[in-house]
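1. when you get a sec, could you give me coordinates for this:
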Amino acid sequence: MSDAARDDARALGRWLALWAAMIAILVLIGGATRLTESGLSITEWQPFAGVIPPVGDAQWTAEFTKYQQIPQYKLLNHGMSLGEFKSIFLWEYVHRLWGRLLGVVLVLIWFVNRRRITRELWPRLLGLLVLLGLQGALGWWMVMSGLSVRTSVSQYRLAAHLVTALALYAFTVWTAAELIEPRDVRAADDDATLTWGVRVLALLVPFTAASGAFVAGLRAGKIYNTFPLMGTGLVPAEYGQLTPFWRNLFENPAAVQFNHRLMATITFAFAIWVWYRARRSSNARVARASRWVLAAALLQVALGITTLLTGVPVVLGVAHQAGAVLLFTAAIVSLHANGRH
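-> Numbering: from 1, shown residues only. Sure thing, here's the model as predicted:
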């Protein structure tokens, strides 16, 4: 590759790194929207007209009237004032607006870099566009689950929405890293066990985040605000109370919180092992990335325990989600640094 082509690739990679940061912000706005119970405040999907927020008392009253027809208002928020409605409406409005902005910026990235985009990169950019569209569709599918019978969105759909966002983020970070600094070919005598461990860690982080989505969807963080015990033991007494048993994994709040704790502990242990194994690696990029993995894992565990013990306040809940994104980023970068065959 010529120096000019290399410079073009790096420039496009920096643009995509910026876009990845915007995706991370979208994930955090979504977390705040969920924690403030704001996700059902906009009861319609208007891709173009929805860009403009309500203006004037008449439009705000019309939106509030629509919200008053759904179960969340009738059963949980009956008597809410128009001012209180505006506060939750704006969280969901910003969430949707930022998602639209992501699409605009992706088009802008293409427009600015169209001469730098090689034939090999076109499928990746198209894949990012498809994932972004799927993310938006899943978001509305999630909201629909809370408009007729439930007072909140389905935890299954919430998890699907989050996992798709993380997949979009991972694909973007990986592509940006490849453009900025392509992967090296691993040496024949490279540490195969470390390679396996880094791959497992990169999968464990989003799985743990998905289990956290079930915690959020069932409001399971509001119970058992103690650590490490849940009641009188490590495992809550209610763990297997639902039948068939598989329902406990996804629908039993106490079991869901325990599962998240267990997944987080396993992920933390893997992060420590990756750092320990890689600290003396001959690959300087791997050793450096592993230190970021350890730092992010320590921060995330501290945030998780603090968030639980304080009853999941919004600020700490969002910070905990930010910690998950940071750890996921470190795992992806570590995997990328590990090189290829």
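2. tell me the buried residues in the one helix or strand Leu179 maps to?
-> Here Leu179, judged by DSSP states H and E, is contained in helix 155-180. Residues 155, 157-166, 168-180 are the ones in helix 155-180 that count as buried (16 or more other Cβ atoms under 10 Å). C-beta here means a position set from N, CA and C on the backbone, and glycine is covered the same way.
3. now do the contacts for Ala330.
-> 289, 292-293, 295-296 (Cβ atoms under 8 Å, 6 or more residues apart in numbering).
4. and those residues, which is closest to Pro236?
-> Proximity of the contacts of Ala330 to Pro236 (Cβ to Cβ) peaks at Ala296, which lies at 28.2 Å.
5. any idea which element the closest one lies in?
-> Judged by DSSP H and E, Ala296 forms part of helix 284-309.
6. what packs against that helix?
-> When contacts are defined as 3 or more Cβ pairs under 8 Å, 6 or more residues apart in numbering; DSSP states H and E, helix 284-309 packs onto helix 192-217, helix 253-278, helix 314-337.
7. so which of the ones you listed gets nearest Asp184?
-> From those, taking Cβ to Cβ, the stretch that ends up closest is helix 314-337, at 8.5 Å.
8. now that closest one against helix 155-180, angle please.
-> Helix 314-337 runs at 40 degrees relative to helix 155-180, counting by axes from the mean of the first three to the mean of the last three Cα atoms, to 10 degrees.
9. quick one: helix 314-337 to helix 284-309, angle?
-> Going by the same axes, to 10 degrees, helix 314-337 makes 160 degrees with helix 284-309.
10. okay if I get the helices and strands packed on helix 284-309 as CSV plus mean pLDDT and distance to Val51?
-> What follows is the helices and strands packed on helix 284-309, written out as CSV (pLDDT from 0 to 100; distance: least, Cβ to Cβ, whole Å):
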stretch, mean pLDDT, distance to Val51
helix 192-217, 95, 27
helix 253-278, 97, 36
helix 314-337, 96, 24
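11. most tightly surrounded among those?
-> Across the helices and strands packed on helix 284-309, the average number of neighbours (mean count of other Cβ atoms under 10 Å) peaks for helix 314-337, which reaches a mean of 22.
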